[in-house]
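Visitor: fold the stuff below for me.
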Amino acid sequence: MDKLQLQRLRSLPIEGVAERLGLRVTRHKCLCPFHEDSHPSLSFLVRKNTFRCFVCGASGGVIDLAMKVLGKDFKDACRWLADEHNIILTEWKPAEKAVAVKPFDAARYERFFEHPYLNEAARKFLYNDRLLDPRVIRWCRLTSWTDLGGTNWLQTPYYDVDGKLVGVQNRNLDYRKGTDGIRFRFPSGSQCHIYNLPVLKMLREGEPLYITEGCSDCWAMLSAGHKAIAIPSATLLKPEDAKMLSELTQRLSSKVRMYPDQDLPGETLFRQLQKILPAIEHLQLPTGCKDFADYYAKLKRKEACDGAV
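Guide: Below you'll find the predicted structure:
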């Protein structure tokens, strides 16, 4: 993990991290999890991105909060934060043994996506839980595998605009929050900055482009019949990617729309993207839907129930 990656973790909005840790933040305060607390005594200083309890004295930044709440050491807390916010970390190594990150070996992984295979765990996740359109799964070339320990992984390829494989995301389908398992794994050198870039060449003049926060939301948006890409973090956007999106949407007169996740990180991502794409439209999810994937699944279940009546 290099200094830039560490800085990205430390700059994550602390109140958003607190919410993902299960703390209920109201007006920059919450009940302190480090002592018996009946009145919110843990305060968040958003400007400095820190926390402090004026009763027990607990204080620190984003990584300190994750370490204290989860009971993890520095390394594991960083991995948890990276998994939760889809930030790619190079493998942890002591500084004296640090080596350069190897370039992504596309030739090694391309064959996995020529004939995608979905095991039972993957089919359950994609079709039973997420209710996604099989045509979208085929378009995205999702595949799966099981490691020697019996863990099931969903493998998602990332392509550039021209369809060249530039990265791979492995998602742990057996991951459960609060456990020590790793949620995401990325092969060395993976460039997972924007997901589903090939769809941009299919965008027609005046057709809206939807931006989602993660792959799951993107699959749901595609299943709903919209052109969509996923940008997990505005801080991961390369300048050339931001320029390409801006020029493309202007040339095609396309409106850019986003349903931010119903949490602080989702709103923060929208505000960050707004600086790059000033005309991006904010669409509000219905109450009770945490993200677009959740919203889409609820709509499909309602349609199924209405059709059965």
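Visitor: now residue 274: closest residue in space, sequence neighbours ignored.
Guide: Sequence neighbours aside, residue 280 is the residue nearest to residue 274 in space, at 5.6 Å (criterion: CB to CB, 6 or more residues apart in numbering). The way it works is simple: take the backbone N, C-alpha and C, and place the C-beta from them, glycine included.
Visitor: how many neighbours does that neighbour have?
Guide: Residues near residue 280, counting by other CB atoms under 10 Å, number 20.
Visitor: that one touches residue 256, doesn't it?
Guide: Yes: taking contacts as CB atoms under 8 Å, residue 280 lies within contact range of residue 256: 4.5 Å.
Visitor: what touches both of those two?
Guide: residue 211 (CB atoms under 8 Å, 6 or more residues apart in numbering).
Visitor: what is the burial count for the nearest residue to residue 141 once chain neighbours are set aside?
Guide: Spatially, and ignoring its direct neighbours in sequence, residue 141 is nearest to residue 113 (4.3 Å; CB to CB, 6+ apart). Other residues within reach of residue 113, judged by other CB under 10 Å, total 17.
Visitor: do residue 203 as well
Guide: Residue 203 sits with 17 neighbouring residues when counted by other CB under 10 Å.
Visitor: which stretches of the protein have low pLDDT?
Guide: Low-confidence segments of the chain (pLDDT under 70): 1-2, 86, 88-101, 177-180, 233-237, 308-309.
Visitor: show me where it has its helices.
Guide: 3-10, 14-20, 62-70, 74-84, 106-110, 120-123, 134-140, 215-223, 239-251, 264-276, 292-308 (DSSP state H).
Visitor: and the ones you listed: which comes nearest residue 151?
Guide: Distance to residue 151, taken as CB to CB, is lowest for helix 120-123 among those, at 9.3 Å.
Visitor: now do the buried residues in that closest one.
Guide: For helix 120-123, the neighbour count (16 or more other CB atoms under 10 Å) marks 121-122 as buried.
Visitor: so how far is it off the chain centroid?
Guide: 21 Å (CA atoms, centre = their mean, to the nearest Å).
Visitor: just checking, what packs against it?
Guide: Under the contact criterion of 3 or more CB pairs under 8 Å, 6 or more residues apart in numbering; DSSP states H and E, helix 120-123 touches strand 143-146, strand 152-159.
Visitor: mind listing what's buried in the shortest one?
Guide: By neighbour count on 16+ other CB under 10 Å, the buried set for strand 143-146 is 143-144.
Visitor: in its sheet, which strands sit next to that strand, and in what direction?
Guide: strand 152-159 (antiparallel) (DSSP bridges).
Visitor: hmm, who's touching the partner strand?
Guide: Contacts with strand 152-159, where a contact means CB under 8 Å, 6+ apart, come from 109, 112-113, 119, 121-122, 125-126, 140-147, 165-174, 185, 190-192, 194-198, 215.
Visitor: next one: it to chain centre, how far?
Guide: With CA atoms, centre = their mean, you get 14 Å for strand 152-159.
Visitor: can you state the direction angle for it and helix 215-223?
Guide: Counting by axes from the mean of the first three to the mean of the last three CA atoms, to 10 degrees, strand 152-159 points 70 degrees away from the direction of helix 215-223.
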